[in-house]
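J.: All I have is the shape, not the residue letters:
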């Protein structure tokens, strides 16, 4: 930009050289663009199509939210257990847990409920 603003023989010559350099860069980019044959385009298309099918197959094999709900619901039979609590890594009915807590209490029990 400075060479185009300044007046003088050197500035004018530099401006011409810069314009020629950009012109050569433009010609180089145009002449060296990636050119694919029809066969190469077809090969790329086939690979993309196969990848799309592979992704669709994987998506169909993935577990859904409903699948997770079925698994989670299979741990507890709601008809048999009304309320469970996990104590020491075991699932127990709430009444059993409360009795266990009461037996271990030395003096007092503080119950905090939300």
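T.: Looks like it came in fine. These figures come from a predicted structure and were not determined experimentally.

J.: Low-confidence regions, the protein specifically.
T.: 1-6, 34, 72-92, 113-114 (pLDDT under 70).

J.: Which residue ranges make up each domain of it?
T.: 1-33, 68-104 (automatic domain parsing).

J.: Look at residue 106 and give its secondary structure.
T.: Here residue 106 is coil, with the state taken from DSSP: H, G, I helix; E, B strand; the rest coil.

J.: How about the backbone phi and psi for it?
T.: phi -90, psi -50 (degrees, to the nearest 10).

J.: What ranges does this protein have for its strands?
T.: 84-87, 90-93 (DSSP state E).

J.: show me where this structure has helices.
T.: Counting by DSSP state H, the chain has helices at residues 2-5, 9-31, 38-61, 65-75, 94-104.

J.: quick one: which of these is nearest residue 112?
T.: helix 94-104 (12.7 Å; C-beta to C-beta). For every residue, glycine as well, the C-beta is placed using N, CA and C.

J.: Return the set of buried residues in that closest one.
T.: Across helix 94-104, burial judged by 16 or more other C-beta atoms under 10 Å covers residue 97.
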